[in-house]
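Novice: 3D, please:
(one chain, ligands or ions: 1)
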Amino acid sequence: MEQMIGQISRHRSAPSPEPDLAPELRMIWRGAPSDLHRWIDVIRLLRGAGLRPTRQRLVLGRLLFSKGNRHVTAAMLHDETMKARIPMSLATVYNTLHHFTEVGLLRRIGVSGTIAFFDTNPSRHHHFFVEDEHMLFDIPAEDVGIDTLPATPTGFDVSGVDVVVRLKRRPC
Ligand SMILES: [Zn+2]
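Specialist: Numbers count the residues shown, from 1 in each chain. So this is what the prediction gives:
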């Protein structure tokens, strides 16, 4: 049994929010007072980052930060709000993700001209991107060595180097 559970968890993709989260999210969205202890961490996280805990930020913060590290696009997160029957627009999701990024709660990873992922682990690390499947996963920072960087233009310092290694599945 233990072995089976181990196999399932090893093969599971990025963690998704708990299935029973939807009623809680709808309660917060409606502005009902909540004394659920699980929300306290999200409120603290937002306030600690200097953000007022609006209902949009609370709902998205709870989806993003309640379970392990996640890589999501605005569309993926918008799907999750729709599944929880929360009438939030894609533009609101996108703006909120950008606010979270501006204050350092998220890291934005641009993987192509049109796709950006938001990473709940803002520490420095790199990524594999499976192009045909729009899947992003971590490479530890120490697994990538960069020997040569170009000279920075006058007046600039390097603030970070992000590596995205693009993958394609081998044809069977
Ligand atoms: Zn990551």
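Novice: Show me which residues of this structure are close to the ion?
Specialist: Taking Cβ under 5 Å from the ion as the contact definition, the chain meets the ion at 119, 138. Placement of C-beta: from N, CA and C, glycine included.
Novice: again, 8 Å this time
Specialist: Residues of the chain lying close to the ion (Cβ under 8 Å from the ion) are 69, 71, 107, 109, 117, 119, 121, 125, 127, 136-138.
Novice: C-terminal to the least confident helix or strand in the chain by mean pLDDT, what's the next element?
Specialist: Ranked by mean pLDDT, DSSP states H and E, the weakest helix or strand in the chain is helix 2-11, scoring a mean of 35. Per DSSP states H and E, the first helix or strand lying C-terminal to helix 2-11 is helix 21-29.
Novice: pLDDT (mean, whole number) over the next helix or strand after that next one?
Specialist: Remark: after helix 21-29, the chain's next helix or strand is helix 37-48, criterion DSSP H and E. Averaged across helix 37-48, pLDDT comes to 85.
Novice: Just the buried residues of helix 37-48, please?
Specialist: 39, 42-43, 45-46 (16 or more other Cβ atoms under 10 Å).
Novice: Please parse the protein into its domains.
Specialist: Annotated domains of the chain cover 18-116, 120-167 [automatic domain parsing].
Novice: which of those sits most buried?
Specialist: domain 18-116 (a mean of 16; mean count of other Cβ atoms under 10 Å).
Novice: in a strand, that's where Ile118 is, yeah?
Specialist: You called it Ile, but residue 118 is Phe. Yes. Phe118: assigned to a strand according to DSSP: H, G, I helix; E, B strand; the rest coil.
Novice: which ones are touching it?
Specialist: 64, 71-74, 77, 97, 100-101, 106-109 (Cβ atoms under 8 Å, 6 or more residues apart in numbering).
Novice: again, only this time at 7 Å
Specialist: 72, 97, 101, 106, 108 (Cβ atoms under 7 Å, 6 or more residues apart in numbering).
Novice: Pick out the most distant pair among those residues.
Specialist: Largest separation among the contacts of Phe118 by Cβ to Cβ: Val72 and Thr101, giving 12.1 Å.
Novice: Beyond the host helix or strand of Ala91, next helix or strand please.
Specialist: Using DSSP H and E, Ala91 sits in helix 90-102. Later in the chain than helix 90-102, the nearest helix or strand by DSSP H and E is strand 107-110.
Novice: Can you list the strands that that next one pairs with?
Specialist: Paired with strand 107-110 in the same sheet, following DSSP bridges, are strand 116-119 (antiparallel).
Novice: any idea how far Met82 is from Leu90?
Specialist: According to Cβ to Cβ, to the nearest Å, Met82 and Leu90 sit 10 Å apart.
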